[in-house]
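*Asks:* What follows is a predicted protein model with its sequence.
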Amino acid sequence: MNRKIIAQRMRKNPFFIVGTITCTVIIVCLFVIPYFIPFDAQANSLTEMFGKPDWFSKGFEGHIFGTDQMGRDILARLLLGGKISLAIAFVVVFIQVVVGTVLGLIAGYFGGIVDSIIMRTCDVVLSIPNLVLALAIMAVLGTSVVNLVAVLSFSGWVQFCKLTRNNVKVASNMEYVHASQALGSGSARVMFRQIFPNVTTHIIILASQRIGWVILLESSLSFLSLGIPAPTPSWGNMIANGREYLTLYPWIALVPGVALMFVVLGFNFLGDGLRDVLDPKRTS
């Protein structure tokens, strides 16, 4: 697609603009603000338990969003938990893209028994609800970041595989693919040099949409104490810890809850915007 048309769509699409601004602001805050905060995210201070939010009355020297039941600064924990969640989401989506795309290329290009085996495997994985599968595996393997990444990666590659396979099926019948095969190009070269560059648009769109989904699922597991192990902060376990004090000290649960909402909403908007911008079938 012409770069000029893409640029025009970016400027005109409200979802892309709002999603880009939201995600940029969130990422900048997560990695810049911690340098201005004098509090340790995991340090307890029993004399400052349930401290009310100072907002910005004391600048970064005060507890802007208050403290929790252990006297820990909520903003410091929010930023550390956000960085961990975002890092996990990017790693998980990268693994899902690589595994799903490679298997989708193989299934779509070779077809036959290879396609049937891969697709039936996808059907088996899809038949199990993601959250139930993640709960079962984490309960058996135990809570750790490595296990969490493995679980989230295993439950999300299928969509990339099916999407890539369907697009490869269409691209395999194009004249340029038949010409490459007639000239003696090997299967790997045809798949990765000829077909793959022409099916990346939908992969990019799906990947951007999956980041918010992964963050939400990670937070759900952490809420159930099957995600990020304590005392490392996660938005999920912060919400879980604050639910007992929701009526008296609502900021403990509401702050991470609102942050989670904005992050998921931002990446969903960005994904929808990229779909509108990059899809050649949509009118400019």
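*Replies:* Now that the structure is in, tell me what you want to look at.
*Asks:* going forward, measure contacts and count neighbours with C-alpha atoms only.
*Replies:* OK.
*Asks:* what packs against whichever helix in the chain runs longest?
*Replies:* Assignment by DSSP state H gives helix 74-110 as the longest helix of the chain. Judged by 3 or more C-alpha pairs under 8 Å, 6 or more residues apart in numbering; DSSP states H and E, the packing partners of helix 74-110 are helix 14-32, helix 112-126, helix 145-154, helix 157-171, helix 200-223, helix 235-242.
*Asks:* Pick the most deeply packed of these.
*Replies:* helix 235-242 (a mean of 24; mean count of other C-alpha atoms under 10 Å).
*Asks:* From the chain's centroid, how far away is that one?
*Replies:* Helix 235-242 sits 19 Å away from the centroid of its parent chain (C-alpha atoms, centre = their mean, to the nearest Å).
*Asks:* same deal with stretch 139-158?
*Replies:* 14 Å.
*Asks:* start to end distance for it?
*Replies:* 22 Å (C-alpha to C-alpha, to the nearest Å).
*Asks:* where does the chain have low pLDDT?
*Replies:* Along the chain, the model assigns pLDDT under 70 to residues 1-2, 280-284.
*Asks:* one step back: orientation of the longest helix of the chain relative to helix 235-242 in degrees?
*Replies:* Orientation of helix 74-110 against helix 235-242 (axes from the mean of the first three to the mean of the last three C-alpha atoms, to 10 degrees) gives an angle of 140 degrees.
*Asks:* For helix 74-110, buried residues please.
*Replies:* 74-86, 88-97, 99-109 (16 or more other C-alpha atoms under 10 Å).
*Asks:* Between helix 112-126 and it, find me the angle.
*Replies:* If you take the same axes, to 10 degrees, helix 74-110 sits at 150 degrees to helix 112-126.
*Asks:* what's the angle between helix 74-110 and helix 157-171?
*Replies:* Angle of helix 74-110 versus helix 157-171, following the same axes, to 10 degrees, is 40 degrees.
*Asks:* so helix 74-110 versus helix 200-223, what angle?
*Replies:* On the basis of the same axes, to 10 degrees, helix 74-110 is oriented at 140 degrees to helix 200-223.
*Asks:* follow-up on the earlier one: take the helices and strands packed on helix 74-110 and lay them out in CSV including distance to residue 179.
*Replies:* Converted to CSV, the helices and strands packed on helix 74-110 look like this (distance: least, C-alpha to C-alpha, whole Å):
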stretch, distance to residue 179
helix 14-32, 38
helix 112-126, 22
helix 145-154, 36
helix 157-171, 13
helix 200-223, 21
helix 235-242, 52
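*Asks:* closest to residue 177 out of those helices?
*Replies:* Across the helices and strands packed on helix 74-110, residue 177 has its closest neighbour in helix 157-171 (7.6 Å, C-alpha to C-alpha).
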